[in-house]
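Q: sequence unavailable; structure follows:
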């Protein structure tokens, strides 16, 4: 086989090396660390924004009642279970009265005895009044007769003394009657007190509602104020929501809301911001608010369940807007990367409100029609080369 001249082989090897180097440089510049950064671009548009304030909270009942005894005792019976619906005034539990019924019976007998004593004192007073009236008449009559000389002075003085004695007896009978009446009132008051104590041992519901908690069973000894049952009014279910204090400037009672409870995430409910609490949470730096359902869910969410709340804020006037993903920070400044003539320029921008679609209002810094980088796979720099693409795999438009 005829060998090629050495000069020719040298040229061919040089061309091959140059081709390989060119290919290597091309690959490095297109897909290596020096390759342009693929980015997506958004055009600044002028739009009205419908901002919303997001908060999270728990489902609660506006009115709840904790039922328990006012005195220590042992539970005799509990008549309801968790989940039962109760009516106002319904008996739901009872404390064992121990000897209270016997004490009430004994006090009732004491009342009857005091009533009998009162009747006797009234009879004695009537007798004393009659005796006093007769003695007074006799004293007056003998006083007239002594002036005519019909009776002796000693006899008239005796009748006067009898009148004074009967008057004192009448006063004593009146005092005894007053004491008897006071004694009867005291005994009746003691009886009523025992009956009140007996009545307090029967626990009734203050209002209609739903039993959500049963914390004690029959035979359990409880103390004064201890909760046996908890009842809520299911018609007053609302959400105790929390909002970031930095975003609540435009929050006002009466604004529309959208509520999504955790167990029914595919079913949003319309609501209304009922009130903003005057006391905020200083630890979490959140403002507390109550959000009511415009129409209660057919299936009530459990009390304590987590819920998401979106409050509709006033519409923002038309202004330039950019996607939230376009906002970045460089050297301590907030702004966007603008694409001008295929090159990057960082623009410091002041932003305003935003909406749930991820659009943010621009106050100043860029103008409608400008192109900004809305998404980049890696951090950009002032001298970064970029390549505009329409879609990244796995990234939604």
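A: Yep, it's here. Note that the structure is a prediction, hence the values are computed from the model and not measured.
Q: low-confidence ranges in this protein?
A: 1-5, 8-9, 21-35, 392-397 (pLDDT under 70).
Q: swap in 80 and give it another go.
A: Residues of the chain meeting the criterion pLDDT under 80: 1-37, 143-157, 342, 377-378, 382-387, 390-397.
Q: ok, which stretches of the stretch 51-200 of the chain are helices?
A: Remark: helices assigned in the stretch 51-200 of the chain by DSSP state H, counting those that start in this stretch are 100-148, 153-200.
Q: what packs against the last one?
A: The reference is to helix 153-200. Helix 153-200 sits against helix 100-148, with contacts defined as 3 or more CB pairs under 8 Å, 6 or more residues apart in numbering; DSSP states H and E. Where you see a C-beta, it was placed from the backbone N, CA and C, and this is true even at glycine.
Q: take the helices of the stretch 51-200 of the chain and write them to JSON lines, including distance to residue 66 and mean neighbour count.
A: Formatted as JSON lines, the helices of the stretch 51-200 of the chain follow (distance: least, CB to CB, whole Å; neighbours: other CB atoms under 10 Å):
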{"stretch": "helix 100-148", "distance to residue 66": "24", "mean neighbour count": "15"}
{"stretch": "helix 153-200", "distance to residue 66": "15", "mean neighbour count": "15"}
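Q: so for residue 52, which of those sits nearest?
A: The closest of the helices of the stretch 51-200 of the chain to residue 52 is helix 153-200. By CB to CB, the value is 50.8 Å.
Q: re earlier: turn the helices of the stretch 51-200 of the chain into JSON lines, including distance to residue 211.
A: Shown next, in JSON lines, are these (distance: least, CB to CB, whole Å):
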{"stretch": "helix 100-148", "distance to residue 211": "27"}
{"stretch": "helix 153-200", "distance to residue 211": "20"}
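Q: looking at those, which is nearest to residue 46?
A: Checking the helices of the stretch 51-200 of the chain against residue 46 by CB to CB gives helix 153-200 as the closest, at 70.4 Å.
Q: what's the first helix or strand after the closest one?
A: strand 202-204 (DSSP states H and E).
Q: counting by contacts, list what that next one packs against.
A: Partner elements for strand 202-204 (3+ CB pairs under 8 Å, 6+ apart): strand 91-95.
Q: what angle separates the strand it packs on from helix 153-200?
A: Taking axes from the mean of the first three to the mean of the last three CA atoms, to 10 degrees, one finds strand 91-95 and helix 153-200 inclined to each other by 110 degrees.
Q: can you count the residues close to residue 51?
A: Neighbourhood size, residue 51 [other CB atoms under 10 Å]: 20.
Q: phi, psi for it please.
A: The phi/psi pair for residue 51 (degrees, to the nearest 10) reads phi -70, psi 150.
Q: list the buried ones in the stretch of helix or strand residue 242 belongs to?
A: Assigned by DSSP H and E, residue 242 belongs to strand 237-244. Under the neighbour-count criterion of 16 or more other CB atoms under 10 Å, strand 237-244 has 237-243 buried.
Q: mind listing what's buried along the helix or strand just after that strand?
A: Following strand 237-244 in sequence order, the next helix or strand is strand 256-261 (DSSP H and E). Neighbour-count burial for strand 256-261 flags 257-261 (criterion: 16+ other CB under 10 Å).
Q: what does stretch 198-212 give?
A: Residues of stretch 198-212 classed as buried: 201, 203, 205, 209-212 (neighbour count, 16+ other CB under 10 Å).
Q: what does stretch 312-327 give?
A: Buried positions in stretch 312-327, judged by neighbour count with 16+ other CB under 10 Å: 313, 316, 319-323, 325-327.
Q: the residue lying closest to residue 269 once chain neighbours are set aside: what's it in contact with?
A: In this structure, residue 269 finds its nearest non-sequential neighbour in residue 259, 4.5 Å apart by CB to CB, 6 or more residues apart in numbering. Contacts for residue 259 were tallied using CB atoms under 8 Å, 6 or more residues apart in numbering; they are 239, 268-271, 291, 293, 307-309.
Q: host element of residue 273?
A: Element membership for residue 273 (DSSP H and E) is strand 269-276.
Q: tell me which residues are up against that strand.
A: 238-239, 248, 251-261, 287-295, 297, 309, 311.
Q: ok, residue 158 to residue 166 distance?
A: Distance of residue 158 to residue 166, given as CB to CB, to the nearest Å: 13 Å.
Q: what is the burial count for residue 342?
A: Residue 342 is flanked by 10 other residues according to other CB under 10 Å.
Q: ok, the residue nearest to it when sequence neighbours are not counted to residue 275 distance?
A: Excluding its sequence neighbours, the residue lying closest to residue 342 (CB to CB, 6+ apart) is residue 386, at 7.9 Å. Noted for residue 386: a distance of 50 Å to residue 275, by CB to CB.
Q: who has more neighbours out of the two?
A: Comparing residue 386 with residue 275 by other CB under 10 Å, the one with more neighbours is residue 386, at 18 against 13.
Q: how about that one, what does it touch?
A: By CB under 8 Å, 6+ apart, the contact list for residue 386 reads 36-39, 339, 342, 344, 373, 376, 380.
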